[in-house]
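> Quick one: sequence plus predicted model below, questions after.
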Amino acid sequence: MKLVTVLASALLLVLFSACGESGGSPEDALKGFISAVKAGDGSKAAGYLSSNALEELDEQFAVLREDPDMAVMVLGTMGVEATVDEVEDWTSRDFFAAIIETEMMREELGEKLELEITGSEIDGEEAVVFFADSDGDEEEFEMILENGQWKIYVMPSD
């Protein structure tokens, strides 16, 4: 069960570390990502992940790749149905998508997805999107323009 908690925490970190499938504005990318997560559309949400975020996911999911049998069991407790063969072939994007599609993750994220975007600053291929969370705390996301799409690059370190 500790691994489930670690995975949920890692996904929360990554949730706020990667976004993008919109060439529009950084705000549009963030809104699209959050909308996909709320809808439980893991594939679409995973499409918003930057290459940097995918590298971070690789580190988080390495433990699952080391023991696919354990991964199937842990993922099963989260509501993800997968075989050992599937897990062995999954990329970090696949793991992320599968977990985002679970009811457990949507419940875990709940209010954390209620963000009010308050503005942004763009400097070439980098941007910062400012937002207030459901508690009114102000935060920001560093974003990057990657292949013509805005994606969240780094999460604030709180």
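Alright, I've got the coordinates.

> Next, the buried residues of the lengthiest helix in the chain.
Counting by DSSP state H, the longest helix found in the chain is helix 51-66. Across helix 51-66, burial judged by 16 or more other CB atoms under 10 Å covers Asn52, Ala53, Leu54, Glu56, Leu57, Gln60, Phe61, Leu64. Bear in mind the C-beta positions are built from the backbone N, C-alpha and C, glycine included.

> Quick check: the gap between the residue nearest to the last one when sequence neighbours are not counted and Phe95.
What sits nearest to Leu64 in space, not counting adjacent residues and going by CB to CB, 6 or more residues apart in numbering, is Ala71, at 3.9 Å. Using CB to CB, to the nearest Å, Ala71 is found at 9 Å from Phe95.

> Over to Glu103?
The gap separating Glu103 from Phe95 is 17 Å, by CB to CB.

> So for these two, which residue has more residues nearby?
Set Glu103 next to Phe95 and count neighbours by other CB atoms under 10 Å: Phe95 wins out with 26 against 10.

> name the element that one belongs to?
helix 92-100 (DSSP states H and E).

> Can you name the next helix or strand after that helix?
Counting by DSSP H and E, what follows helix 92-100 is helix 103-109.

> Please point out which parts of that following helix sit buried.
Buried-residue list, helix 103-109, by 16+ other CB under 10 Å: Met105, Glu108, Leu109.

> list residues touching both of Ala71 and Phe95?
Leu64 (CB atoms under 8 Å, 6 or more residues apart in numbering).

> Same list, the buried residues of helix 51-66, but as a markdown table with distance to Thr83 and pLDDT please.
Formatted as a markdown table, the buried residues of helix 51-66 follow (distance: CB to CB, whole Å; pLDDT from 0 to 100):
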| residue | distance to Thr83 | pLDDT |
| --- | --- | --- |
| Asn52 | 30 | 88 |
| Ala53 | 26 | 82 |
| Leu54 | 23 | 84 |
| Glu56 | 26 | 85 |
| Leu57 | 21 | 83 |
| Gln60 | 21 | 79 |
| Phe61 | 17 | 86 |
| Leu64 | 14 | 82 |
